[in-house]
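>>> Requesting a structural model of the entry that follows:
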Amino acid sequence: MRFLVATLIDGKKIADDVRQELRPRLAALAARGVVPGLAAVLVGDNPASKLYVKMKGKACEEMGLAHWTLELPADTSEPRLVEEVDRLNKDPKVHGILVQQPLPPQIPAAVATSPGGAVSRAGAAHPSAPSARPIQSRVLTLPPLPEGPRPRRARRRGPRR
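Have a look, this model is predicted:
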């Protein structure tokens, strides 16, 4: 029988280390007049998603990054989402686009998550392209946030019948 060994990680320390590593890179960009910018796209009004995007905005501010949040209504169509991401991707101030999930049911998750999905195509900019910015633009999609702890199934004690 094999046993898995759990390793306890300190998420705050890891985040602090990453931020410390980024500071000189951000300073070098600032010296060239570049302020990286993150645009977050929220479709609908999921409270957990709103909180998560708000926290990303706060983290951007702490690091001296620009950030914007585009809030779209829950009835937004797939073509409208793609159009908005394409518009953001063409904005020279936006260097990264976060399409927050979950997306409403009329927009398939594959649109935003698969490499060939419409949002990914709209957000894909190759660094050698004539319109490339100092930082490669990318669309980042994150999986849906958990809705909270899942209820445990009751275990039966005693022999099965």
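>>> Now for Leu70: which residues touch it?
Shown here is Leu70, whose contacts under the criterion Cβ atoms under 8 Å, 6 or more residues apart in numbering are 39-42, 84, 88. C-beta coordinates here come from the backbone N, C-alpha and C atoms, glycine included.
>>> From Ile9, how far off is Leu51?
Distance, Leu51 to Ile9, by Cβ to Cβ, to the nearest Å: 22 Å.
>>> Name the spans of the chain whose pLDDT lies under the cut-off.
Counting by pLDDT under 70, the chain contains low-confidence residues at 113-161.
>>> out of all of them, which helix in it is the longest?
Of all the segments of type helix in the chain, defined by DSSP state H, the longest one is helix 11-31.
>>> In it, which residues are buried?
By neighbour count, with 16 or more other Cβ atoms under 10 Å as the criterion, the buried positions of helix 11-31 are 26, 29.
>>> cool, and stretch 69-89?
Within stretch 69-89, the residues scored as buried using 16+ other Cβ under 10 Å are 69-70, 72, 76, 78, 81-82, 84-85, 88-89.
>>> Go through those and flag which are in strands.
Within those, membership in strands is found for 69-70, 72, as judged by DSSP state E.
>>> picking that back up, relative to Ala110, which of the buried residues of stretch 69-89 is nearest.
Using Cβ to Cβ, the shortest approach to Ala110 within those belongs to Glu78, at 10.6 Å.
>>> Many thanks, I have nothing further to ask.
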